[in-house]
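Chemist: requesting a structural model of the entry that follows:
(chains A and B)
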Amino acid sequence: MSLFSKKTKETQSIIDSNNGDAGRVVRAIEKNSVHGINRENIEQKAHESEEKFAAAFNTSPGLMAITRISDGKILEVNESYSRMLGYSRDESVGKTTAELSIWADAADRDRFVAALQKDGQVLDFETVLRRKDGAIITVIDSARMFDLQGKECILSTAYDITERKRLEVEREQYLKFFELSTDIMVIADPNGNFKKVNPTCLQVLGYTESELISKPFIDFVLKDDKQSTLDEMVRQIKSGSSLSFENRYVRKDGRVMRLSWHANYDKIEGITYATARDITERKEMEEKLRRNEEELNEAQRIGRIGNWDWDIATDTINWSKEYYSIIGFDPSQKPPSYEEHLKAYTPESATRLDAAVKKNTETGESYELDLEFANPKVPASRWIAARSESIRDEKGKIIGLRGTAQDITDRKLVEIELVKKNRMLRILSNVNQELIHAADETSLIDEISRIIVDIGSYHMLWIGFAEQDEAKTVRPVAQVGFGTDYLSFAKISWADDEHGRGPTGTAIRTGKTQISRDILKDPKMTPWREAAVKSGYKSSIALPLSSGDKPFGALNIYATETDTFNEVEVAILEEISKDLAFGITTLREDVARVEGEEELKKFKMAIDAVTDNVTITDSEGIILYANKGAEDVTGYSREESIGKKPSLWGGHMSKAFYEDMWKTIHEGKKPFKSELINRRKEGTLYTAELSISPIFDKSGNEKYFIGVERDITEAKVLANDLLKFKLALDNASDQVIITDPEGMVIYANAAVEKITGYKSEEAIGKKSGVLWKSPMPKEYYQEFWHTIKELKTTFIGEIQNKRKNGELYTAMISVSPVLDEKRDILFFVGLERDITKEKEIDTAKSEFISLASHQMRTPLTAINWYAEMLLGGDAGTLNTKQKEYFQAIYTAGQQMNEIIKSFLHILRLESGMIAMNLVSVNIEDVMRMMLKESQLDIDKKHLQVVEHYKESVPSLKIDIELIRVVLQNLISNAVKYTPEKGKITISLDDVAQGEIVAGKTATRNSLLVSIRDTGIGIPAGEQSQVFSKFFRAESAKRWDPNGNGLGLYMTNKMMDIIGGTIWFDSEEGKGTVFYALLPMEEKKLIQ
Amino acid sequence: MKILVIEDEEVLAKVLEEKLQKSGYDVAIAADGEAALTMTKSFSPDAIVLDLLLPKKSGFEVLEILKADDAFKMIPVVVVSNLGEDSDIKRALSLGAADYYVKSEHPINEIIEKIKNVLLHSK
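Modeler: So this is what the prediction gives:
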């Protein structure tokens, strides 16, 4: 009976305020029980709501039960209770939960009740209940105590959360999968960003989760794979199907990972689920495997080796790629059966192979065979080296074969060729033998024909002579081999008609070998084709027999195969036919030979008339003949040399030279030509041009050697000298130019190009003036041409010329005319040295000296001037000591100034920087002036000066500065080193060329200056050093400690520049005389 | 009478200044080529003593500019320099220098006398 169906007041109240919430029901009941007013009204209302509540109680998705606390009995349950626990209402009402064993865990029940009693309610208590069928369900239980009709009851509600629980567990499990999977798992959002990634994904890609999440996955794909990946994605989204593909990702560390994806796009969620597997290593292995296979294939291809195996039971054959290629089968087809494949060989090879295969399958004996293919698909016949071995099962039974095949076509062809060649050489050798022994023409022809057919294994041979009849018949004179009646009907001619245009006729007409490679197809063979086929001829060759270059017949050979005559064979056959023709000719001309001897005599006389050394030796080198020239060149008489070897005068070259000589004439069978050195009988060496020619006998052996020597010793010496001169000129660093008398360049050396930029080819043939375009003044050229053309002497001067590029350069030139015996000009030789650089260096040097001197002089000036001012009282009066000291400073300053001046002079002199400024100078005037400068000292010492000037001494063209310094030095020395009251004698005289003065001979007309003093003199032991730099004689040092030893050194230098000479006579304690010889003519000086 | 001494070496300029002042001249010193030109305008000297190796403008340049200017070309210029090459002397004289003395080769008194002489003759 339903609790609600009783419609008690209490239950009505419950229903009245029921909202499906047990708590509120309780409150409503309490409320009602407290306020029991207006009962009727309430009853009415309660009745209405009871039904509602009952419906709610019953239809509630949650389990509901009301239990009495006192005895634990169930008072009411709803429909969800029955559904969840499997007990009907009737089975439950009046029973306790314990009786029904609803609590799966009794302890849970106790806790639950305890909590209820304590708080009056329990909320969301999770526990497990046992269904009637024993199944366990998980529920969330809530309960509240309330008073029902004065009895304490419990209203329990419970919700089944078993399913939710299960899902939760399942979710956990899936997540575990996700976490543990060794495959990459990825969820991507609709924008293609990583939404979720599993640890494997992180591990493979090497990024942290935060680095990947919300980032577009495409950013991590290898650049090359991006587009294809996106294309895949689009395709997948469109089709909605799951798909698999591979692409490459880039790991954080840059490594490229190859991933195999399986992805699924959820159209509704817009989310992609994808798993991937790292197949990087697998791919690498695959790649390696593929490469290995390729390499094996490649190795097979290179080695031309193929392999195969054959399973006997199934008759399955596997061929490697190369095997197909070697045999010439289509590799896209399956290999044919064994029987079928045998047909690829020539019948002979097939038979051998079949026997070997059978033996191998039966006995296990492997084979090695050379087999020839006759596959119609392969153009030429192919040869392979085939090897096999048997395949056995565990019990040792033969179940198949395997083997290799190597293409040996090339080797095989060479072998075949070699056999053929050997045969041909044997023919040649026998033919040569026959040529020597043959007594007459007929036997020669017969014998040779037989040799060729026998050894050469030819089918037929015939020899025909061209008849000089009207029909131009070819008359057979010999025939050997098969099909001899062929000729009876052949009607061969050598006329230019149908019967003469066959190989034989053509060979005789043209003198050239004719080959018919395939008689069946050769249109020229039409008249004879039928007969040829009948006789089994498939190819032929016709070789002309000629005397000189005139054919007189033909040698004809027929073979049973097409394409028989190859290059080597033809060459040897041609050789044979030549030998044969030679043999025939020789025999025919036997008579003529006698007449030939007469010719020889004439020939000998001619050779004797030759000035060259002509020697004939036998094959051993023994001299058989020597001409007159040989006697003249070598000095050995004919009697002396005949019977000896040419080593009589030869043998002075290197071993290698003679080895080369013998190699050329012996092995090369060629004439040897070279230059060599030999020795004459009297011992002198001579250079000769040598030529040795071997002369062969009929069998091709050397019979004689003819040596011709031409003496080229003199020519050689001349050529050598010329070469040396030319080399020297060519390599000279100065320009050398040779012109004709008109100034046209006929030779220019390499330096010309280096200096001017004109190549010698450019310069030759042009006028020198046109080439160089020198900007020198007209007068310069006038003097230039006057000197070399009219005076016919050498012109030396400095010149400015223009290079090809327009640049100016300074050069020293020296141009000399070369004259013949009549003093006519043959040509001019010009030497030119580019001194631009030297000039530049000189300028730089001079600037340096000038600057350096300035820098030294400035502080010196300060010292001198201040000392002077102090001494002069500018800073007040000095005491004696101060004066003395400042005087010392001042004097030292003055000395220093003198030293600097001297140094500068010397620097200028030594660097050749003194510019000669030639002016007309009267030496007497200069002398007086210099004396005047020293007058103060002369007076101080009371010296007597005597002057002897010769009257009307001519003026000199000389540099006045230089001569002043010279004279000043000499005078001041005389004054300085002469004691008080001494005497100085100065004289000036002119001296003619060749005149001897003071022990010296004047080389030119000169002026002589002499300055004699009665001074301290120069000790004899020190006289030789007087002109040395910094030298001071001991006596001079004692006399005056303040000297720098530069005066006479400078004087001497300056005299050099002037072109004069200075010397002296001196005696210690008595005095010295200095002589200066000044040249009257100006010296041509550049600097 | 005013003399402009163009000399970059202070020690030497000082000697020339003192000596010339003692001889009764008004002396001004210019230590480089450019100052020399400015001071020629502002000081209006009656004579110039000119060194040749100078900063900014060389003595040769100064000489050339002065001699090309109508206002100054009449002022006598005595070169007192330690450049002693013939070529230097020739160049200075050809540019219009009244006289040329190599400093280290002459006592200061001699140089002062020569300057006095030049002034005397230019009058």
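Chemist: which helices and strands does the helix or strand harbouring residue A:544 pack with?
Modeler: Secondary structure from DSSP states H and E places residue A:544 in strand A:539-547. For strand A:539-547, the helices and strands in contact under the criterion 3 or more CB pairs under 8 Å, 6 or more residues apart in numbering or on different chains; DSSP states H and E are helix A:503-510, strand A:514-516, strand A:550-559, helix A:567-588. For the C-beta atoms, the positions are set from N, CA and C on the backbone; glycine is no exception.
Chemist: out of these, which gets nearest to chain B?
Modeler: helix A:567-588 (90.2 Å; CB to the nearest CB).
Chemist: show me what counts as buried in stretch A:944-963.
Modeler: Taking 16 or more other CB atoms under 10 Å in any protein chain shown as the basis for neighbour counts, the residues of stretch A:944-963 that come out buried are A:945, A:956, A:958, A:959, A:962, A:963.
Chemist: for the residues you listed, which one is nearest chain B?
Modeler: Taking the buried residues of stretch A:944-963 together and measuring to chain B by CB to the nearest CB, the closest member is residue A:959, at 11.1 Å.
Chemist: okay, and the beta partners of the closest one?
Modeler: residue A:918 (DSSP bridges).
Chemist: quick one: which of the buried residues of stretch A:944-963 is nearest residue A:482?
Modeler: Taking CB to CB as the measure, residue A:482 lies nearest residue A:959 of the buried residues of stretch A:944-963, at 117.2 Å.
Chemist: against residue A:469, how distant is the closest one?
Modeler: Spatial separation of residue A:959 from residue A:469 under the definition CB to CB, to the nearest Å is 112 Å.
Chemist: who touches the helix or strand hosting residue A:152?
Modeler: For residue A:152, the element it lies in under DSSP H and E is strand A:151-160. Strand A:151-160 is contacted by residues A:22, A:25-26, A:60-70, A:75, A:84, A:116, A:129, A:137-147 when judged by CB atoms under 8 Å, 6 or more residues apart in numbering or on different chains.
Chemist: for the host helix or strand of residue A:417, packing partners?
Modeler: In this structure, residue A:417 sits in helix A:409-437 according to DSSP H and E. With contacts defined as 3+ CB pairs under 8 Å, 6+ apart, helix A:409-437 has these neighbours: strand A:382-392, helix A:441-456, helix A:567-588.
Chemist: turn the ones you listed into TSV, including distance to chain B, mean pLDDT and mean neighbour count.
Modeler: As requested, these are exported to TSV (distance: least, CB to the nearest CB, whole Å; pLDDT from 0 to 100; neighbours: other CB atoms under 10 Å in any protein chain shown):
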stretch	distance to chain B	mean pLDDT	mean neighbour count
strand A:382-392	98	85	19
helix A:441-456	104	86	19
helix A:567-588	90	84	18
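Chemist: any chance of these in TSV, plus distance to residue A:673?
Modeler: Formatted as TSV, the entries for the helices and strands packed on helix A:409-437 read as follows, by distance: least, CB to CB, whole Å:
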stretch	distance to residue A:673
strand A:382-392	47
helix A:441-456	36
helix A:567-588	26
